[in-house]
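Peer 1: quick one, what's the 3D model for this:
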Amino acid sequence: MTDAMTDTATAVGGAAGTTYQGALVAAHWARLSLTVDGALQALRAQGIAPEQATADDLHALDLNHMGGLAATDALAEMAHLRPGQRVLEVGAGVGGPARRMARKYGARVWGVELSAAVYQTAVALTALVGLQDQVQFTQGSALALPFEEGAFDVVVMQHVAMQIAEKDQLFGECVRVLTTGGALALHEIFAGPGGPPHYPLAWAAEPAMSSLDSWDACVVRLTQWGLTVGPFVDQSEAGRQYHAANVQAWQQAVAQQRGAEGRSIDATESRLRTAISMERNLREGRLQVGMVVCTKRPT
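Peer 2: Reported below is the predicted structural model:
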């Protein structure tokens, strides 16, 4: 087995439903995501003792999507998240949004994450801030969600679908685990009208790792799966501004030969390259970012 194949196999740990594309993406995020050691170092640098840290203290580090904390809150409010609701986050990363939805909105949250290393970080950081009774994680694939039909009131995805070619299977699984009348809340990236994207992308170093659909194509899929599609809230300009701000911050960090936001200098340099490319793609209309909440119709 080559080193690259070993890396991808290790990244997913044999999770059911894993595709080759998924293994590539999982390995990508395992290299670039926040680690527990990185989080602890960043907290101490801010004068926060790790044993006294709260979920709020981590949010400058643990949200890896455009718009950060404000975007997670906006999506939660669009979905009318309420205390006691059963919420599933698909593609949970290191758990920042799941912890936010639990702590601020009082939801009972489960997260599914494909990368073994990223999943382990999510578990550890949740225990660090004392939310393990309210937030639980499972390592698994979005294409084979390990939950029963109708198990959740809300399913959330932020920047996930553009990494998965099997979109009908993905949305079918999301709908399957939703209760009738439940909400599928999406904050996703779509192909824009400006032409094919420039690489690297935040989630893809090469085209084999990316599977962008247009918003119009996504609406067709969602409708076919028995969902009533709500209004589309375009976040493209906010996303461009988010990446522009990151470019400035990460250029400064790299110039000082230090990592940013709990990441290594190598990871920061990689994230800087993708942020430059992402800002250009959004500025040129090659990518589109938006939020929408869909409701599962009775069958």
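Peer 1: give me the pLDDT for the closest residue to residue 237 other than its chain neighbours.
Peer 2: Nearest residue to residue 237, sequence neighbours excluded (Cβ to Cβ, 6 or more residues apart in numbering): residue 282, at 7.7 Å. Where C-beta positions appear, they are placed from N, C-alpha and C, glycine not excepted. Confidence at residue 282, expressed as pLDDT, is 98.
Peer 1: also the one 10 residues further on?
Peer 2: Note on residue 292: pLDDT of 98.
Peer 1: just the CA atoms of the host helix or strand of it, as CSV, please.
Peer 2: Element membership of residue 292 [criterion: DSSP states H and E] is strand 287-296. The C-alpha coordinates for strand 287-296 follow below in CSV (Å, rounded to 0.1, in the frame of the first residue of the first chain):
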residue,chain,number,x,y,z
LEU,A,287,-18.7,29.6,-6.2
GLN,A,288,-21.9,30.4,-4.5
VAL,A,289,-22.7,30.1,-0.8
GLY,A,290,-26.1,30.0,0.8
MET,A,291,-28.4,28.9,3.5
VAL,A,292,-31.8,27.2,3.3
VAL,A,293,-34.1,25.3,5.6
CYS,A,294,-36.2,22.5,4.1
THR,A,295,-39.1,20.7,5.7
LYS,A,296,-39.9,17.0,5.4
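Peer 1: contacting residues for residue 244?
Peer 2: The contact partners of residue 244, by Cβ atoms under 8 Å, 6 or more residues apart in numbering, come to residue 279.
Peer 1: let me see the confidence value for the closest residue in space to residue 144 that isn't next to it in sequence.
Peer 2: Excluding the flanking residues, the one nearest residue 144 by Cβ to Cβ, 6+ apart is residue 17, at 3.0 Å. Per-residue confidence (pLDDT) for residue 17: 73.
Peer 1: so how far is the helix or strand where the residue nearest to residue 237 lies from its chain's centroid?
Peer 2: Assigned by DSSP H and E, residue 282 belongs to helix 265-283. Counting by Cα atoms, centre = their mean, to the nearest Å, helix 265-283 is centred 17 Å from the centre of its parent chain.
Peer 1: what does stretch 269-287 give?
Peer 2: 17 Å.
Peer 1: equivalent analysis for stretch 242-249, please.
Peer 2: Per Cα atoms, centre = their mean, the centroid offset for stretch 242-249 relative to its chain is 18 Å.
Peer 1: from residue 150, how far off is residue 45?
Peer 2: 45 Å (Cβ to Cβ, to the nearest Å).
Peer 1: now do the same contact list for the nearest residue to residue 132 once chain neighbours are set aside.
Peer 2: Closest residue in space to residue 132, ignoring its immediate chain neighbours: residue 126 at 5.3 Å, by Cβ to Cβ, 6+ apart. Applying Cβ under 8 Å, 6+ apart to residue 126 gives the contacts 95, 98, 99, 132, 135, 137.
Peer 1: in stretch 190-208, what's buried?
Peer 2: Under the neighbour-count criterion of 16 or more other Cβ atoms under 10 Å, stretch 190-208 has 190, 191, 192, 197, 200, 201, 202, 203, 204, 205 buried.
Peer 1: can you list contacts of that stretch?
Peer 2: 21, 24-25, 28-29, 159, 162-163, 209-210, 212-215, 218, 236, 271, 273-275, 277-278, 280-282, 284-290.
Peer 1: ends of stretch 257-268, how far apart?
Peer 2: 10 Å (Cα to Cα, to the nearest Å).
Peer 1: coming back round to it: and the contacts of residue 126, which is closest to residue 76?
Peer 2: Of all those, residue 98 has the smallest distance to residue 76: 11.0 Å, by Cβ to Cβ.
Peer 1: wait, the closest one sits on residue 89?
Peer 2: Yes. Between residue 98 and residue 89 there is a contact at 4.9 Å, judged by Cβ atoms under 8 Å.
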